[in-house]
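Enquirer: Pasting a predicted model and its sequence here:
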Amino acid sequence: MAFDIEYFHPRVLEEIESWPVDVLADYARLLELLIEHGPSLRLPHSRAFGDGLFELRPSGRSGIGRAFYCFLVGKRITVLHAFIKKTPQTPDREMKLARTRLKEIKSG
């Protein structure tokens, strides 16, 4: 039951590729789990935010990354937004951007 990964915009992938190497390595590992398990992937690897928005939770010694994503018809996963966390709580602006992109992608 493999899923396909796509990115909302090339800049999302560029942001992820700019992450510290240890966080990027954990992201790659979690992405493989997500491709294999899809919506069955749960905490501590993935967290649901409701309304079809999820976050992938990679981390490493040098930081914590977050990648918001959603599931689309046809076993597709779209990574909507990604950033390196600098505060214990996810900043509102990061969450709002992910939700805005989710609405945009769902409305066609």
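Expert: Looks like it arrived, so ask away.

Enquirer: quick one: contacts for Val35?
Expert: To be clear, residue 35 is Ile; Val isn't right here. Ile35 is in contact with 2-5, 77, counting by CB atoms under 8 Å, 6 or more residues apart in numbering. The C-beta positions use only the backbone N, C-alpha and C, and glycine is treated the same way.

Enquirer: Find the nearest non-adjacent residue to Leu43, please.
Expert: Distances taken as CB to CB, 6 or more residues apart in numbering place Arg57 nearest to Leu43, at 8.0 Å, with adjacent residues excluded.

Enquirer: Return the residues in contact with the one you found.
Expert: Contacts of Arg57 (CB under 8 Å, 6+ apart): 30, 43-47, 64-66.

Enquirer: Repeat that for Arg61.
Expert: Going by CB under 8 Å, 6+ apart, Arg61 touches Asp22.

Enquirer: and the gap between it and Pro20?
Expert: Separation of Arg61 from Pro20 (CB to CB, to the nearest Å) stands at 8 Å.

Enquirer: Now do the SS call for the residue at minimal distance from the centre of the chain.
Expert: For the chain, the residue nearest the mean C-alpha position is Ala67 (2.6 Å; CA atoms, centre = their mean). Of the three states, Ala67 takes strand under DSSP: H, G, I helix; E, B strand; the rest coil.

Enquirer: Which strand residues bridge it?
Expert: Leu56, Ala82 (DSSP bridges).

Enquirer: That one contacts Phe54, correct?
Expert: No - using CB atoms under 8 Å, Ala67 is not in contact with Phe54; the gap is 9.1 Å.

Enquirer: Number of residues surrounding Glu14?
Expert: 11 (other CB atoms under 10 Å).

Enquirer: got the buried residues for the helix or strand hosting it?
Expert: Per DSSP states H and E: Glu14 is located in helix 10-17. Neighbour counts over helix 10-17 (16 or more other CB atoms under 10 Å) mark 12, 15-16 as buried.

Enquirer: Arg99 - how many residues pack around it?
Expert: Neighbours of Arg99 (other CB under 10 Å): 18.

Enquirer: Tell me what angle the strand or helix carrying Ile35 forms with helix 10-17.
Expert: Using DSSP H and E, Ile35 sits within helix 21-37. Between helix 21-37 and helix 10-17, the angle comes out at 120 degrees (axes from the mean of the first three to the mean of the last three CA atoms, to 10 degrees).
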